[in-house]
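Undergrad: missing the sequence, but the structure's below:
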């Protein structure tokens, strides 16, 4: 998470600390509190961090928020719109920071939601591309998906899988550990891959209670064929893709595609599945694999070797596959049938992650993890849209359009 400038608390601010314990010393040392670069939406659960104070430092807040401690970690929950002053001190160092808390975004606006691993979900107005604010989930988002006005957000490092409703604005958290990617079903439910469930990768159908099935080593990529009730999960560390019955969560077939199979994309009729093999090992470049799903999954084509491909998105109308390369900072443009280049690679910002193609707007959204930016292209012309790339919060990894 980013470290932002803080200030030594003046005497007037000390009067607001309330019951927070402070010893009698002659001089405090300035510390720094970590917050996202945007204001937070009401309902945010913000992990509190500070540099320059001891681990047992005491936190206090004045304003429409409260501080809770869970497992030794401190969180700020934004209760109402307004401004809250957060203060931390260990008796030697002290810092304070004012946090702006926003009302819920309009339920009628189309939003671009960006999963930012360090800070939460950054929300942008889809029409103007203006930054609106951050919804902090209390976790480390790596992916998100929407259906029926609901937004599901993973937590890659913890167990704060979050579901947000727009009207009325409501936030619920489900205790699902180490969720990585998420897919939405038209029935309103969600499926999430779990990177390390009881020592293995797994996939969960977020029913109550969740239905969990082991899939292989380190489950990450996911694709759902809702019409056939089929689910596909990529297992990075054993090089397999598992096909499951999405209703019963029982495995059907396993296909071995090679080391570090990472991301998946499924065509509209569910007959062709595309997988990105990340490589990432010495003398093992990655590639893209085309898989026919009927009658059982089987490989029908491979691309040439690519540097370090990672994410994938399909524009079926224009017959284009977009594949990000985290090492070369480019987006390959491939023909889905031949898996050969149909256009020169698009240059983008640093470390492009999981791309999203939105057919309604005709835009390709590309989060760049190490640049804290979101790049956006007109998918028809392959030109960058005016104003892009946009600044986001810390380490953006995935995008969803929230209508």
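TA: Sure, I can see it. Values in this document were obtained by computation on a predicted structure and should not be read as measured data. Numbers count the residues shown, from 1 in each chain.

Undergrad: would you map the helices across the chain?
TA: Using DSSP state H, the helices found in the chain span residues 11-14.

Undergrad: how is it partitioned into domains?
TA: The record's domain parsing of the chain by automatic domain parsing lists 11-102, 111-402.

Undergrad: so what pairs up with residue 301 in the strands?
TA: residue 290 (DSSP bridges).

Undergrad: so what's it up against?
TA: Residue 301 sits next to 289, 290, 337, 338, 339 when contact means C-beta atoms under 8 Å, 6 or more residues apart in numbering. The way it works is simple: take the backbone N, C-alpha and C, and place the C-beta from them, glycine included.

Undergrad: surely the first one meets residue 299?
TA: The reference is to residue 289. Yes. Residue 289 is in contact with residue 299 according to C-beta atoms under 8 Å; the separation is 5.8 Å.

Undergrad: low-scoring stretches of this protein, by residue?
TA: Where the chain drops to pLDDT under 70, the residues are 1-28, 280-283.

Undergrad: hey, which strand is longest across it?
TA: Criterion DSSP state E: the longest strand present in the chain is strand 93-102.

Undergrad: show me which residues of that strand are buried.
TA: Across strand 93-102, burial judged by 16 or more other C-beta atoms under 10 Å covers 93, 94, 95, 96, 97, 99, 101, 102.

Undergrad: circling back: shared neighbours, residue 289 and residue 299?
TA: Common neighbours of residue 289 and residue 299, counting by C-beta under 8 Å, 6+ apart, are residue 257.

Undergrad: which of those two has more neighbours?
TA: residue 289 (22 against 16; other C-beta atoms under 10 Å).

Undergrad: for the more buried one, which non-adjacent residue is closest in space?
TA: Distances taken as C-beta to C-beta, 6 or more residues apart in numbering place residue 275 nearest to residue 289, at 4.6 Å, with adjacent residues excluded.

Undergrad: please tell me how far the closest residue to residue 145 other than its chain neighbours sits from residue 396.
TA: Nearest in space to residue 145, with sequence neighbours left out and distances taken as C-beta to C-beta, 6+ apart, is residue 184 at 4.1 Å. Per C-beta to C-beta, to the nearest Å, residue 184 is found 20 Å from residue 396.

Undergrad: rewinding a little: confirm for me that the residue nearest to residue 289 is in contact with residue 291.
TA: Yes. The pair residue 275 / residue 291 is scored as a contact, 6.4 Å apart, by C-beta under 8 Å.

Undergrad: contacting residues around the closest residue to residue 397 other than its chain neighbours?
TA: Nearest residue to residue 397, sequence neighbours excluded (C-beta to C-beta, 6+ apart): residue 353, at 4.7 Å. Residues near residue 353 by C-beta under 8 Å, 6+ apart: 310, 311, 324, 326, 366, 367, 368, 369, 396, 397, 398.

Undergrad: just the buried residues of those residues.
TA: Buried, going by 16+ other C-beta under 10 Å: 310, 311, 324, 326, 366, 367, 368, 369, 396, 397, 398, out of the contacts of residue 353.

Undergrad: between the residues you listed, which is closest to residue 191?
TA: Checking those against residue 191 with C-beta to C-beta, the nearest one is residue 398 at 15.1 Å.

Undergrad: quick check: bridge partners of the closest one?
TA: residue 115.

Undergrad: ok, now how distant is it from residue 272?
TA: Plainly put, residue 398 is 22 Å away from residue 272 if you go by C-beta to C-beta.

Undergrad: also residue 178?
TA: Noted for residue 178: a distance of 30 Å to residue 272, by C-beta to C-beta.

Undergrad: again, but for residue 73
TA: Counting by C-beta to C-beta, the gap from residue 73 to residue 272 is 44 Å.

Undergrad: kindly report the same for residue 87.
TA: Residue 87 is 56 Å from residue 272, by C-beta to C-beta.

Undergrad: more neighbours: the two, which one.
TA: residue 87 (23 against 20).

Undergrad: how close does the more buried one sit to residue 64?
TA: According to C-beta to C-beta, residue 87 and residue 64 sit 15 Å apart.

Undergrad: same thing with residue 393?
TA: In terms of C-beta to C-beta, residue 393 sits 21 Å off from residue 64.

Undergrad: dump the residue contacts of the residue nearest to residue 145.
TA: Taking C-beta under 8 Å, 6+ apart as the test, what residue 184 contacts is 145, 146, 147, 152, 190, 224.

Undergrad: bridge partners for residue 224, pull those for me.
TA: Bridge pairing for residue 224 - DSSP bridges - gives residue 231.

Undergrad: kindly report the same for residue 34.
TA: residue 49.

Undergrad: ok, the nearest residue to residue 80 once chain neighbours are set aside to residue 81 distance?
TA: Counting by C-beta to C-beta, 6+ apart, residue 80 lies nearest to residue 64, which is 3.7 Å off, once chain neighbours are set aside. Applying C-beta to C-beta, the value for residue 64 to residue 81 is 7 Å.

Undergrad: any residues in contact with both of these two?
TA: Joint contacts of residue 64 and residue 81 (C-beta under 8 Å, 6+ apart) are residue 101.

Undergrad: picking up where we left off before, intersection of neighbour lists for residue 275 and residue 291?
TA: Counting by C-beta under 8 Å, 6+ apart, the residues touching both residue 275 and residue 291 are 241, 257.

Undergrad: settle it for me: which of the two has more neighbours?
TA: Taking neighbours as other C-beta under 10 Å, residue 275 and residue 291 compare with residue 275 leading, 26 against 21.

Undergrad: my guess is residue 217 contacts residue 202, does it?
TA: No. Using C-beta under 8 Å, residue 217 makes no contact with residue 202, being 10.7 Å away.

Undergrad: in terms of neighbours, single out the busier of these two.
TA: Higher neighbour count among residue 217 and residue 202: residue 202, with 25 against 16, using other C-beta under 10 Å.

Undergrad: write down the beta-bridge partners of that one, one by one.
TA: Beta-bridge partners, per DSSP bridges, of residue 202: residue 194, residue 214.

Undergrad: ok, the closest residue to residue 210 other than its chain neighbours - contacts?
TA: Counting by C-beta to C-beta, 6+ apart, residue 204 is the residue found nearest to residue 210 once chain neighbours are left out, at 4.5 Å. Neighbouring residues of residue 204 by C-beta under 8 Å, 6+ apart: 176, 179, 191, 192, 193, 194, 197, 210, 211, 212, 213.
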